[in-house]
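Student: Let me see the structure of the following:
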Amino acid sequence: MNRKFISELGEGEEVEGLFFLVSKKVKVTRTGESYLDLLLQDKTGTITGKLWNIDTSKEAAIKEGFFLRVRGTVDIYNNNKQLIITVIEKVEPDTVDLRDFVSFSPRSIDELKEEFKEIISSIKNFYLRKLLEILFSNQKFADAFFKTPAAKKLHHAYWGGLAEHSILVARLSQLVAEFMIKEGISLDIDLILCGALLHDIGKIKELKFTPAIDYTTPGRLLGHITFGTIIIDRAIKKIENFPPDLETVLKHIIISHHSDPDKGSPVKPQTKEALLVHHIDYLSSQLFIFERWIEKFSPGEWTEYNKILDRFIYKWEGGS
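Tutor: Numbers count the residues shown, from 1 in each chain. Presented below is the predicted three-dimensional model:
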């Protein structure tokens, strides 16, 4: 029986494979029998697994965060695939290849680090460059940043996604800023670059990935915008004579980058630099969501309706 990934599984197929256990619930049928309702993950997605007629000792031995070897049959329930499990056993983490269970950025961590350093070195403002150098010279901090996803589900939701997204926002923001400067709009490119690199920095505290991506309890309670402001505030205190007005406008980029109180920002962008970073951040995330949704519904001219985007998407592939 060959190992298949979740996205490859078909109805009626017998399966034996390795999965990561994201969550576990004990449920009871109408007849009073207990069963396990599991959410299993590999790098291609998730699938619900049902283990019927469990006993207490077997249930207690299966814990969230385990890697499991599972045997069962694929069934369809409410138009969704599920796995009816017959055999389940724990697998030691050091015997599995993590890349079978989680998605990684298509770019290597070394490549992301190199480009990040390149952008920092291009910043001429002493205080902004010093702030970035202090943050990323901390090995623990840097390791967390370059592994953290950019989101739980919506965009760049994979290991390394935060660094990839932040670099993209910085690069695009710089291109737009340079073009607008030629059109007579005055902009502080150093401030834009620093704000773009740090706009989502609080996600290193907001998200956890073990390897499933989820919110931390403090992350749910405070959010990445709050954490980002705290992180920057602590780092700035280590820099002598950091200009108060520069501190304010930098923090404003972080605090306003979602632009809407309903999306987590207490204030709207009120500087040109903050406005630019907000729109580029939004553009990056939305185009990424469009692309992934289109990939999910191929072939065909149209995707299904996307609740997050509030629209169908036409899969235009270019003219002749």
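
Student: tell me which residues in the lengthiest strand in the chain are buried?
Tutor: For the chain, the strand that runs over the most residues, judged by DSSP state E, is strand 14-28. Residues 15, 17-22, 24 are the ones in strand 14-28 that count as buried (16 or more other CB atoms under 10 Å). Every C-beta, even on glycine, is put in place using the N, C-alpha and C of the backbone.

Student: right, and out of those residues, which lies closest to Arg234?
Tutor: Nearest to Arg234 out of those is Val22 (CB to CB; 32.8 Å).

Student: wait, that closest one sits on Gly45?
Tutor: No - using CB atoms under 8 Å, Val22 is not in contact with Gly45; the gap is 11.0 Å.

Student: Just the element for the residue nearest to Asp188 when sequence neighbours are not counted, please.
Tutor: Computed as CB to CB, 6 or more residues apart in numbering, the closest residue to Asp188 that is not its neighbour in sequence is Glu273, at 5.7 Å. Applying DSSP states H and E as the criterion places Glu273 in helix 272-296.

Student: try Asp214
Tutor: Per DSSP H and E: strand 213-215 holds Asp214.

Student: can you give me the helices for the stretch 201-320 of the chain?
Tutor: Shown for the stretch 201-320 of the chain, the helices assigned by DSSP state H, counting those that start in this stretch span residues 203-206, 217-236, 244-256, 272-296.

Student: Point out the most buried one among those helices.
Tutor: Highest mean neighbour count of the helices of the stretch 201-320 of the chain: helix 203-206, a mean of 23 (counted as mean count of other CB atoms under 10 Å).

Student: residue contacts, the residue nearest to Asp188?
Tutor: Taking CB atoms under 8 Å, 6 or more residues apart in numbering as the contact definition, Glu273 lies against 187-188, 191-192, 195, 249, 253.

Student: and these, which of them are in helices?
Tutor: Under the assignment DSSP state H, the contacts of Glu273 contribute 191-192, 195, 249, 253 to helices.

Student: Closest one to Ala144 out of these, please.
Tutor: Gly195 (19.9 Å).

Student: for the chain, which spans come out with low pLDDT?
Tutor: For the chain, the stretches with pLDDT under 70 are 1-3, 21, 55-58, 153-155, 211, 297-299, 318-320.

Student: Which parts of it belong to which domain?
Tutor: Split into domains by automatic domain parsing, the chain comes to 6-99, 103-295.

Student: Pull out the buried positions in the host helix or strand of Gln174.
Tutor: Following DSSP H and E, one finds Gln174 within helix 161-182. Buried positions in helix 161-182, judged by neighbour count with 16+ other CB under 10 Å: 161-174, 176-177.

Student: For Thr73, grab the count of nearby residues.
Tutor: Other residues near Thr73 number 15, with proximity taken as other CB atoms under 10 Å.

Student: ok, now how distant is the closest residue to it other than its chain neighbours from Leu98?
Tutor: Spatial nearest neighbour of Thr73, excluding adjacent residues (CB to CB, 6+ apart): Ile84 at 5.0 Å. Separation of Ile84 from Leu98 (CB to CB, to the nearest Å): 27 Å.

Student: residues near Cys194, how many?
Tutor: Cys194, neighbours per other CB under 10 Å, totals 27.

Student: Test my guess that it contacts Ile123.
Tutor: Yes - between Cys194 and Ile123 there is a contact under CB under 8 Å: 6.3 Å.

Student: what sits in contact with each of the two?
Tutor: Shared contacts of Cys194 and Ile123, defined by CB under 8 Å, 6+ apart, comprise Leu132.

Student: hey, where'd the strands end up in the stretch 51-200 of the chain?
Tutor: Ranges of strands in the stretch 51-200 of the chain, per DSSP state E, counting those that start in this stretch, are 67-77, 80-91.

Student: Columns distance to Tyr282 on top of those strands, output as JSON lines?
Tutor: Output for those, formatted as JSON lines (distance: least, CB to CB, whole Å):
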{"stretch": "strand 67-77", "distance to Tyr282": "37"}
{"stretch": "strand 80-91", "distance to Tyr282": "31"}
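
Student: mind checking which of the ones you listed is nearest Glu133?
Tutor: strand 67-77 (38.4 Å).

Student: Would you mind writing the CA trace of the closest one as CSV?
Tutor: Extracted in CSV, the C-alpha atoms of strand 67-77 (Å, rounded to 0.1, in the frame of the first residue of the first chain):
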residue,chain,number,x,y,z
PHE,A,67,3.0,12.2,14.5
LEU,A,68,0.8,9.2,13.7
ARG,A,69,0.9,6.2,11.4
VAL,A,70,-2.7,5.7,10.3
ARG,A,71,-4.5,2.9,8.4
GLY,A,72,-8.0,3.4,7.1
THR,A,73,-10.4,4.0,4.2
VAL,A,74,-11.4,7.3,2.6
ASP,A,75,-15.1,8.2,2.9
ILE,A,76,-17.1,11.2,1.7
TYR,A,77,-19.3,13.0,4.3
